[in-house]
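*Asks:* What would the 3D arrangement of this be:
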Amino acid sequence: MKKPDLPVAITASLFSGMIKNYKDYKRDNSFVLSNKDEIDRFTEAFGNDWVEDQYYIRHPKSTRTNYLIPASQFHKYIMREQISDIISYVRANLRVKELDLNVKTSKAGSIGLKGIIDNIPMEGSTKLNMADEYTVKIKCLSPLKASEKKTEYLWIDEFPHIIELVDNASNGLFGLNESFDLSFGLDISAAKSIGANLNYHGQTQFNFTVIAG
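*Replies:* Numbers count the residues shown, from 1 in each chain. Just a heads-up that it's a prediction; the model follows:
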């Protein structure tokens, strides 16, 4: 497992009670934010107001460590970023006509993508449809223009297998598969205590079927 750029930090409101806060203070890489100056250093990932007595997880990328994500939404948030990067990278380098996506986790097997794929950014002329609860079909109505292609990716370097496959891909039908550990050094006990979704905690496999030409 590749370690994140920085340890994931868990935060909790000072108003969550003395016993609870004592555990938060004692937990590795855990911080309790209470002063306004401390809180103002961070951005709520969804743009929402801060919630007292709420656990947040710091974004694991060094360029976004000022982002705090509600613990219950952390895995979906990161998966959405990763899926967006993979799709954008594949489309930027191949004349993609269609992609099918499904995701499996070590904890829950095939997972429903409705809450993950919602609001995912898509470049160019694209249609996204749920084939079923577990499969998303992405139809690309035309190749990406140069102006539509991403120039910076947050996650793609974490998926070397996909980079290699795309570099060597030819037209036709082929699969892209990559695994990633979404634990980020947070053990299962800590994840449970802060309300993270345990179904997504651990090894996750992204499976793409690509039609290019």
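*Asks:* which residues touch the spatially most central residue of the chain?
*Replies:* By C-alpha atoms, centre = their mean, the chain has its centre lying nearest to residue 78, at 1.6 Å. Applying C-beta atoms under 8 Å, 6 or more residues apart in numbering, we find residue 78 in contact with 60, 69, 182. Glycine gets a C-beta too; all of them are placed from N, C-alpha and C.
*Asks:* element containing it?
*Replies:* helix 74-93 (DSSP states H and E).
*Asks:* What about the contacts of residue 78, which are in strands?
*Replies:* Judged by DSSP state E, strands contain the following of these: residue 69.
*Asks:* Torsion angles phi and psi at residue 110?
*Replies:* Per-residue torsions, residue 110: phi -60, psi 140 (degrees, to the nearest 10).
*Asks:* tally of neighbours for it?
*Replies:* For residue 110, the neighbour count with other C-beta atoms under 10 Å is 15.
*Asks:* before we move on, what about the one 10 residues further on?
*Replies:* Using other C-beta under 10 Å, the number of residues around residue 120 comes to 16.
*Asks:* rewinding a little: pLDDT on the helix holding residue 78, on average?
*Replies:* For helix 74-93, mean pLDDT rounds to 95.
*Asks:* repeat for stretch 181-191
*Replies:* Rounded mean pLDDT across stretch 181-191 is 88.
*Asks:* End to end on it, go ahead and measure it.
*Replies:* 14 Å (C-alpha to C-alpha, to the nearest Å).
*Asks:* follow-up on the earlier one: out of the contacts of residue 78, which end up buried?
*Replies:* Among the contacts of residue 78, the ones that count as buried by 16 or more other C-beta atoms under 10 Å are 60, 69, 182.
*Asks:* got the phi/psi numbers for the first one?
*Replies:* Phi and psi for residue 60, reported as degrees, to the nearest 10, are phi -80, psi -10.
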